[in-house]
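Participant: below are the sequence and a predicted model; questions follow.
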Amino acid sequence: MTLTHPNPDQVLGDDVVLLTVPADGGYLGVLRTATAGLAARLHFALDEIEDLRIAVDEACAMLLAIATRGAELECRFAVTEDALTVEVSVTTVRGAKLPAESSFAWKVLTALTTSASAEASGKHATIRLLTRRTEG
């Protein structure tokens, strides 16, 4: 497991945390905990923190299903004044495809975050989640 903070090529004023864990469901708790800690740092409401934890868990599950044997999940957290962006990437098996945007998994991601996107090219797939703190 690797933890880096801050990232030297970060956007000015942003905090970036990089966390790499084995692509194994047993390590998802580490990513959920990091997500909650960073969201709490932004003063997200408890419901927002839980929604983001669930979204990260769902994104990771989508990636684990297409990960190569022995792969690592690379998770990049970018913290701004009012938002947290979580980008999870993995090396994938040949011909791997992420679930369609009409799938239940994507409905979960888009319901729990401000925005969700993905890309899969060659032997690599990335899911990006953005959550903005609600005012109030």
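Facilitator: On my side now, so go ahead.

Participant: you'd agree Arg32 is in a helix?
Facilitator: Yes: applying DSSP: H, G, I helix; E, B strand; the rest coil, one finds Arg32 inside a helix.

Participant: what sits against it?
Facilitator: Neighbouring residues of Arg32 by C-beta atoms under 8 Å, 6 or more residues apart in numbering: 53, 56-57. Where you see a C-beta, it was placed from the backbone N, CA and C, and this is true even at glycine.

Participant: so what's the residue count around Leu64?
Facilitator: Summarising burial for Leu64: neighbours were counted as other C-beta atoms under 10 Å, giving 17.

Participant: any idea how far the residue nearest to it when sequence neighbours are not counted is from Thr131?
Facilitator: Across the structure, with C-beta to C-beta, 6 or more residues apart in numbering as the measure, the residue nearest Leu64 apart from its sequence neighbours is Ala23 (5.8 Å). Summarising the geometry, the distance separating Ala23 from Thr131, computed by C-beta to C-beta, to the nearest Å, is 23 Å.

Participant: now rank the contacts of Arg32 by neighbours and give me the top one.
Facilitator: Comparing the contacts of Arg32 on neighbour count, Val56 comes out first with 28 neighbours (neighbours: other C-beta under 10 Å).

Participant: tell me the secondary structure at it.
Facilitator: helix.

Participant: thought it was touching Leu129?
Facilitator: Yes: the pair formed by Val56 and Leu129 meets the contact definition of C-beta atoms under 8 Å, at 6.8 Å.

Participant: mind listing the shared neighbours of those two?
Facilitator: Among the neighbours of Val56, those also in contact with Leu129 (C-beta under 8 Å, 6+ apart) are 86, 88.
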